[in-house]
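1. Sharing a model that was predicted from the sequence below.
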Amino acid sequence: MAKPTFLLISLILLVLQSSSSLSVSSQNPNPNSAYNELKKNRFPIGLLPSNVLDYTLNQTSGDFSVNLDDHCQITLPPDNYLATYSPRVTGKLLEGRLAELDGIRVWAFFKWWSITGIRSNGEDLVFEVGMVTAKYPSRNFNESQSCEGRSSS
């Protein structure tokens, strides 16, 4: 009787260990890792402001979330569009594309517009605002900006 019990416990432990290794979402307390993830996927780090606290990324689905320390406002180069970031930015990381973005808005043509996607297109980035797109050189986003109206810490 002890042998089947041992076998059952071993099987349960094996299943638990396998299911924990299948969990690909990971919380990373190192804010630099969010920037490293951008670089690894051929995006410039300047797509995120400098106040990232942490991020999660599901390696299987590509779903991600980035947590900032607060709302953030920056001016995007080269046309000086004002952009705001919510304390939490979410989306999906796909090959060469950040899709289903939520939490980034830009002020243009006297209205706030949500940036819904960003595609890497060679040396350019293509920003998607609904059905409208705008292309900018990727090099304009090589540096992460500090939030406006805050002192550096």
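-> Received, thanks.

2. For this structure, which segments count as strands?
-> For the chain, the strands defined by DSSP state E occupy 25-28, 52-58, 63-68, 72-76, 81-94, 97-108, 111-114, 117-121, 124-129, 132-137.

3. can you put those strands in TSV and add mean neighbour count, mean pLDDT and distance to G149?
-> Quick note: C-beta positions are derived from backbone N, CA and C, even for glycine. Putting those into TSV (neighbours: other Cβ atoms under 10 Å; pLDDT from 0 to 100; distance: least, Cβ to Cβ, whole Å) gives the following:
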stretch	mean neighbour count	mean pLDDT	distance to G149
strand 25-28	12	44	28
strand 52-58	18	93	18
strand 63-68	20	96	14
strand 72-76	19	92	7
strand 81-94	17	95	12
strand 97-108	18	95	15
strand 111-114	12	94	18
strand 117-121	17	94	25
strand 124-129	18	95	24
strand 132-137	13	92	24
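
4. Let's have those in CSV, adding distance to I45.
-> Output for the strands of the chain, formatted as CSV (distance: least, Cβ to Cβ, whole Å):
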stretch, distance to I45
strand 25-28, 15
strand 52-58, 10
strand 63-68, 12
strand 72-76, 13
strand 81-94, 14
strand 97-108, 13
strand 111-114, 22
strand 117-121, 13
strand 124-129, 12
strand 132-137, 15
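
5. Between these, which one is closest to R42.
-> Ranking those by distance to R42, with Cβ to Cβ as the measure, places strand 117-121 first at 5.3 Å.

6. relative to strand 124-129, how tilted is that closest one?
-> Between strand 117-121 and strand 124-129, the angle comes out at 160 degrees (axes from the mean of the first three to the mean of the last three Cα atoms, to 10 degrees).

7. Now for Y136: which residues touch it?
-> With contact taken as Cβ atoms under 8 Å, 6 or more residues apart in numbering, Y136 is in contact with P77, P78, D124, L125, F127.
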